[in-house]
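> the following block contains a protein sequence and its predicted model.
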Amino acid sequence: MSNGTRIVILGKTGSGKSSLANTIFGDESFKIGRTAKTETSKCGAITKSVNGRNITLIDTPGFFDTDRSEEELKPEIVRCITECAPGPHAFLIVLKVDKFTVHEQAVIAKINQYFSEEVLKYSTVLFTYGDQLEEGQTIEDFVRGNELLSDLVKKCGGRCHVVDNKYWKNNQQDEYRNNQFQVKELLKTIEKITEANRGSYYTNEMLQAVEEEIKQEVELIRQSPGNMSEIEIREKAKDRVSDWLLIKLAGITTGVLLGAVFGVVVMVRVVVLLLEAGLSFAKIAKGVSAATAGAKSVIALTAVSGVVGAVLGGGTGYCRRWCRQS
C-alpha cells in the first residue's frame, strides 16, 4: 500500500462507520453518535499512520439513508467529492451482521443504482457487529446465506471482512474475533486492491476536474499574505471549492451527484459539463445526449432532469473568477 492511501467509508446511519474508523486507527479520532440525532452528519477526513502507512479515512454521513433530505445531503456529498479528489484508493461498504431487512435491501439497491463496475473493483464489503455471528461462523458463511449479499460481495471481487467495534477490541481467546487481526487482514486486502489496479486510485472525469480546481485555489492561496502550512492551504482550498461546487451544481439532484461520484457515465458527464465554464444549454444537452447513449432510460431521464434544473436555477451562470475574488 503506497503512502497517502485514501479510504472512503460508506453505509447507512447506525451501521458503525465512525466506530469502524476508530477501530482502524486504534483510537477515538472520530466522534461517535450515541443517539440517532448525533450520528455522523458531516463528511470528515482524518489522516494518521497505521502500521507505518499514512492512511486518510473519509467518514461519510448516511448517503444511502432513505429519510435524508436533498438539502441535508447535498453539502455533504459535495464535501465528500472534495475530500476524495483526485480519487480514493478504496471504498468500504459498511453493513451490519444482522437480519437482512428491507432497509438493508434498500441500501444494496442504491449501491447497484449508483456504483459502476469500475468502482466495485476498488470496493470491499465490511461488516460490523461481528459478535452477532454464530459460534464458529465466519463472515463468508454469513454472506453465503443471503443471495443479495452474496451477489454484492461477488461484484466486489469476493472481498469481505468483519469487525466488532465493541466486543472484539481485546479478544485474546479467538484470533478471528479480534479487531487487530481483522484490521491487518483488511489493510492487506486494500493493498491487494491497489496492486491489482497497478498502484492507481479510482478516479473519473468529475473527480479530476475538482482536483484541478483545488490545485488552482492552492496556488492562489500561496500567493496571498499569510504563513499557512501546506496542509492548511489545501484545507482552505477544499473549503473554497466546496462552496463553489454547491453554487455551480444548484438544481442537480443528490442522485445525480452520487452517480457522478461513483462512476455512472451519464451522471459524470452531466456534472463535468456543468463545471466547465461558458457552456450553452444546447452544448450541455448535446453532451448529455452523447453520454446517455446505451444508458438505462431511467438514469438518463434523471440526469437530463437534473441538468435542466441546474440551468434554470442559474447553476451554469456562476462566475468562477468572482468566486476567487470574493
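In hand now; what should we look at? Being a predicted model, the structure only gives us computed values, none of them experimental.

> ok, now which ones touch residue 86?
By C-beta atoms under 8 Å, 6 or more residues apart in numbering, the contact list for residue 86 reads 201, 203, 207, 208, 210, 211. Quick note: C-beta positions are derived from backbone N, CA and C, even for glycine.

> hang on, it in a helix?
No: Residue 86: not assigned to a helix; according to DSSP: H, G, I helix; E, B strand; the rest coil it is coil.

> may I have stretch 180-198 as CSV, with CA atoms only?
The C-alpha coordinates for stretch 180-198 follow below in CSV (Å, rounded to 0.1, in the frame of the first residue of the first chain):
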residue,chain,number,x,y,z
GLN,A,180,-6.4,-6.2,15.5
PHE,A,181,-6.3,-9.3,13.4
GLN,A,182,-9.2,-8.2,11.2
VAL,A,183,-7.8,-4.8,10.6
LYS,A,184,-4.5,-6.3,9.5
GLU,A,185,-6.4,-8.5,7.1
LEU,A,186,-8.4,-5.6,5.8
LEU,A,187,-5.3,-3.5,5.2
LYS,A,188,-3.8,-6.5,3.3
THR,A,189,-6.9,-6.6,1.1
ILE,A,190,-6.6,-2.8,0.4
GLU,A,191,-3.0,-3.3,-0.5
LYS,A,192,-4.0,-6.1,-2.9
ILE,A,193,-6.7,-3.8,-4.5
THR,A,194,-4.1,-1.1,-5.1
GLU,A,195,-1.6,-3.7,-6.6
ALA,A,196,-4.4,-5.1,-8.8
ASN,A,197,-5.1,-1.6,-10.1
ARG,A,198,-1.4,-1.0,-10.7
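
> list buried residues within the contacts of residue 86.
Of the members of the contacts of residue 86, the ones counted as buried by neighbours, 16 or more other C-beta atoms under 10 Å, are 201, 203, 207, 210, 211.

> so can I have a markdown table of the residues you listed showing distance to residue 160?
Listed next are those as a markdown table, based on distance: C-beta to C-beta, whole Å:
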| residue | distance to residue 160 |
| --- | --- |
| 201 | 21 |
| 203 | 24 |
| 207 | 26 |
| 210 | 30 |
| 211 | 30 |
